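Visitor: have a look at this prediction, sequence included:
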Amino acid sequence: GWARSITFNTALSDQFQAFFERKNTFALGVCNGCQMFAELAVLIPGAQDWPRFIDNQSERFEARLSQVEVLDSPSLFFQGMAGSRLPIAVAHGEGYADFSERGSADKVLAAMRFTDHHGKATEAYPFNPNGSPGGLTAVTTVGGRFTAMMPHPERMIEAAHGGTDGRALFESAVRGLVAA
């Protein structure tokens, strides 16, 4: 995919690494962007513990609303949101956080997880559409400038399109940028 095109091309790899190393940059990788960031983890300072994202445990594409909990993390996108439980759109076939070949489940900075209808972290289907350990669905870096997540907050910013809960993530980023 795109990540391999970047890592196998020295000029591209150097450009991406320079972007990630700049202190005045930030980025959010959503769904395929999450998968791409995970594959580029070797270029992203502080992302060495991120997993790969592979086929859902259900072995099918999952598209629906799920419930997530925002965890306490340094992510620019989740400032002041720790403990929030939100409905969020999911639409992916490869969202399982796999630590078997890369990353560390014990050290990764989790930023969001799937929960059941009681608000408890879950790996159980259908509450967790991909089966990731501990419900993991978003990771971030120590500085919080780079966050990767499988759900789609951008699909939850307009009431006419199903809700506005995703807007809070982007408002958090704006507040963080204004304060910086």
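Guide: Thanks, I have it. Numbering: from 1, shown residues only.

Visitor: now do the closest residue to Gly163 other than its chain neighbours against Arg167, distance only.
Guide: Once flanking residues are discounted, Gly163 sits nearest to Met156: 4.9 Å by CB to CB, 6 or more residues apart in numbering. Placement of C-beta: from N, CA and C, glycine included. Using CB to CB, to the nearest Å, Met156 is found at 7 Å from Arg167.

Visitor: for this protein, which segments count as strands?
Guide: Applying DSSP state E to the chain gives strands spanning 27-30, 52-54, 62-70, 85-92, 96-98, 109-114, 136-140, 146-149.

Visitor: mind putting these into JSON lines with mean pLDDT, distance to Gly162 and mean neighbour count?
Guide: Listed next are the strands of the chain as JSON lines, based on pLDDT from 0 to 100; distance: least, CB to CB, whole Å; neighbours: other CB atoms under 10 Å:
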{"stretch": "strand 27-30", "mean pLDDT": "96", "distance to Gly162": "16", "mean neighbour count": "19"}
{"stretch": "strand 52-54", "mean pLDDT": "97", "distance to Gly162": "24", "mean neighbour count": "21"}
{"stretch": "strand 62-70", "mean pLDDT": "96", "distance to Gly162": "7", "mean neighbour count": "18"}
{"stretch": "strand 85-92", "mean pLDDT": "95", "distance to Gly162": "7", "mean neighbour count": "19"}
{"stretch": "strand 96-98", "mean pLDDT": "98", "distance to Gly162": "25", "mean neighbour count": "23"}
{"stretch": "strand 109-114", "mean pLDDT": "98", "distance to Gly162": "18", "mean neighbour count": "24"}
{"stretch": "strand 136-140", "mean pLDDT": "98", "distance to Gly162": "18", "mean neighbour count": "28"}
{"stretch": "strand 146-149", "mean pLDDT": "98", "distance to Gly162": "18", "mean neighbour count": "27"}
